[in-house]
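Colleague: After the sequence you'll find the predicted model.
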Amino acid sequence: MTNGKIIASAEAENNGEQYTTPVRSGEHAWVADEAEAVGGKNAGPAPGDYLCMALASCKAITLRMYVQRKQWNIDVINVKVSLVRSNEIPAGTNTFYCKVSVSGSMDEEQQKRILHIAKACPVSRLPSKANEVVTVIL
């Protein structure tokens with residue numbers, strides 16, 4: 001498989017349902033599906049939604065870790081991520097739009113730092129580096 005350290009893994013197994021597919025990661029289980037408009041049953045988020053969830057949760061967790069370490073008075077960290085496909089925007093690249101809102105008392109310098117840390121979460125850095133998808137049949 002690889003000589004590198006595995007940092008995350010998941011498994012999906014479709015047993016004949018149109019698109020509804022159980023997904024597992026360790027001891028956790030979800031379901032992925034497509035919207036009814038494209039032939040699915042809308043029984044769970046679409047795969048692209050899971051990408052957005054990964055990015056949003058990573059930013060929120062990274063920010064929470066940072067503000068706790070700094071002992072800042074931050075109540076709520078909200079991160080909304082939307083994915084726009086490359087063929088739908090002039091830039092021609094897939095784009096994740098991330099909106100971070102934070103409630104609590106912050107000055108301008110802290111706001112700048114929050115933005116910097118949000119951009120540095122591990123999942124944010126993945127698409128900015130060269131990636132490869134290796135697929136094999138077993």
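Modeller: Good, I have the coordinates. Everything numeric here is computed off the predicted structure, so don't read it as measured data.

Colleague: all strands for the protein, in order.
Modeller: All strands of the chain, identified by DSSP state E, fall at 11-12, 21-25, 28-32, 74-84, 95-104.

Colleague: what about C52, neighbour count?
Modeller: Applying other Cβ atoms under 10 Å, we find 19 residues neighbouring C52. Any C-beta I mention is one placed from the backbone N, CA and C, and that applies to glycine too.

Colleague: Now do the contacts for it.
Modeller: When contacts are counted by Cβ atoms under 8 Å, 6 or more residues apart in numbering, C52 touches V81, S82, L83, F96.

Colleague: wait, isn't the last one in contact with K80?
Modeller: Which is F96. No - taking contacts as Cβ atoms under 8 Å, F96 lies outside contact range of K80: 10.7 Å.

Colleague: okay, the two: which has more neighbours?
Modeller: Set side by side, F96 and K80 show more neighbours around F96, with 15 against 12, by other Cβ under 10 Å.

Colleague: Check the gap between that one and A10 for me.
Modeller: 19 Å (Cβ to Cβ, to the nearest Å).

Colleague: and what of C58?
Modeller: From C58 over to A10 (counting by Cβ to Cβ), the distance is 15 Å.

Colleague: The two: who's more crowded?
Modeller: C58 (19 against 12).

Colleague: If you tally nearby residues, what's the number for V79?
Modeller: 21.

Colleague: Please name the bridge partners of it.
Modeller: As for beta bridges, V79 partners with V100 under DSSP bridges.

Colleague: Hmm, C98 and it touching each other?
Modeller: Yes - using Cβ under 8 Å, V79 is in contact with C98, at 6.4 Å.

Colleague: Find the residues that touch each one of these two.
Modeller: Here V79 and C98 have L55, A56, K59, A118 as joint contacts, going by Cβ under 8 Å, 6+ apart.

Colleague: I'd assumed I77 was in contact with the second one.
Modeller: No - here A56 does not reach I77: they are 10.3 Å apart, not a contact under Cβ under 8 Å.

Colleague: which ones are touching the closest residue to E34 other than its chain neighbours?
Modeller: With sequence-adjacent residues excluded and distances taken as Cβ to Cβ, 6 or more residues apart in numbering, E34 is closest to G40, at 3.0 Å. Contacts of G40 were listed using Cβ under 8 Å, 6+ apart, and they are Q18, Y19, T20, D33, E34, A46.

Colleague: Sounds good, over and out.
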